[in-house]
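Visitor: from the sequence below, what's the structure:
(chains A and B)
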Amino acid sequence: KNQVEQSPQSLIILEGKNCTLQCNYTVSPFSNLRWYKQDTGRGPVSLTIMTFSENTKSNGRYTATLDADTKQSSLHITASQLSDSASYICVVPRAGNMLTFGGGTRLMVKP
Amino acid sequence: GAVVSQHPSRVICKSGTSVKIECRSLDFQATTMFWYRQFPKQSLMLMATSNEGSKATYEQGVEKDKFLINHASLTLSTLTVTSAHPEDSSFYICSVGAGGRDEQFFGPGTRLTVL
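Guide: Numbering: from 1, shown residues only, chains lettered A, B, ... in the order given. Next comes the predicted model:
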């Protein structure tokens, strides 16, 4: 069964601290994995897209990793800011241009 | 990436009325658009795939007669919630399939509240 599971479900950190979000998937065949940021009341915005051959990709303070062997990905946020408070969604496409969504991690950054 | 807009951003309606939500692809001709629904603290759930010039494909459990989708042009798809009820209150998000690698670009969403 094609699934995407994320952990933790929610996370509270202090401003300036780092954090790492996890994503495990069982979608097959695998082509790529995306991390999206969704602010409250807004649509998801793409942070990174990881293909099969990519292990690490950075986008500013966001760094995504991918281990295609263990089917795991992580999103590391460095020096968190209040504006990082949002839901972070791991998404893996499957056949037919369909997307399998993880349940998301709700991150709250406190001052 | 593609720029996607939705209108309205928020709508409040009475039970039994119909509500139309527009999804526009501002800089990309989209043959395929997707409609999602998101309940609080849950992830996006695909409702239907909207294909330009043809009938939409609905996911299992989504009533096609209740959620009418029209994709009359390459830049506009509309979702009409007919005879809305309070349980239809949700966050509706559209996306445009654009570029390679099955990429989708999401609209900002429409918050529907049915009283």
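Visitor: least confident secondary structure element in chain A?
Guide: The least trusted helix or strand in chain A, going by mean pLDDT, DSSP states H and E, turns out to be strand A:98-101, with a mean of 90.
Visitor: that strand packs against which elements?
Guide: Of the remaining helices and strands, those touching strand A:98-101 by 3 or more CB pairs under 8 Å, 6 or more residues apart in numbering or on different chains; DSSP states H and E are strand A:86-94. Bear in mind the C-beta positions are built from the backbone N, C-alpha and C, glycine included.
Visitor: is chain B within reach of the strand it packs on?
Guide: Yes. Among the residues of strand A:86-94, A:89, A:93 lie within reach of chain B under CB under 8 Å from any CB of the partner chain.
Visitor: who's in contact with the least confident helix or strand of chain A?
Guide: Contacts made with strand A:98-101 from outside it, assessed by CB atoms under 8 Å, 6 or more residues apart in numbering or on different chains, are listed as A:2-4, A:25, A:27, A:89-94, B:43-44, B:46, B:102, B:104.
Visitor: list buried residues within those.
Guide: The neighbour-count test (16 or more other CB atoms under 10 Å in any protein chain shown) marks A:4, A:25, A:27, A:89-94, B:43-44, B:46, B:102, B:104 as buried among the contacts of strand A:98-101.
Visitor: from these, pick the one nearest residue B:2.
Guide: The shortest approach to residue B:2 among the buried ones among the contacts of strand A:98-101 belongs to residue B:104, at 8.7 Å (CB to CB).
Visitor: close to chain B: what parts of chain A are there?
Guide: So chain A meets chain B at A:31-32, A:34, A:36, A:41-46, A:49, A:51, A:89, A:93, A:97-99, A:101-104, A:106 (CB under 8 Å from any CB).
Visitor: beyond the least confident helix or strand of chain A, next helix or strand please.
Guide: Once the chain leaves strand A:98-101, the next helix or strand it forms, by DSSP states H and E, is strand A:105-110.
Visitor: related to what we said a few turns ago, and which of the buried ones among the contacts of strand A:98-101 is nearest to residue B:5?
Guide: Lowest distance from residue B:5 to the buried ones among the contacts of strand A:98-101 (CB to CB) belongs to residue B:104, with 15.0 Å.
Visitor: residue contacts, that closest one?
Guide: With contact taken as CB under 8 Å, 6+ apart, residue B:104 is in contact with A:97, A:99, B:34, B:95-98.
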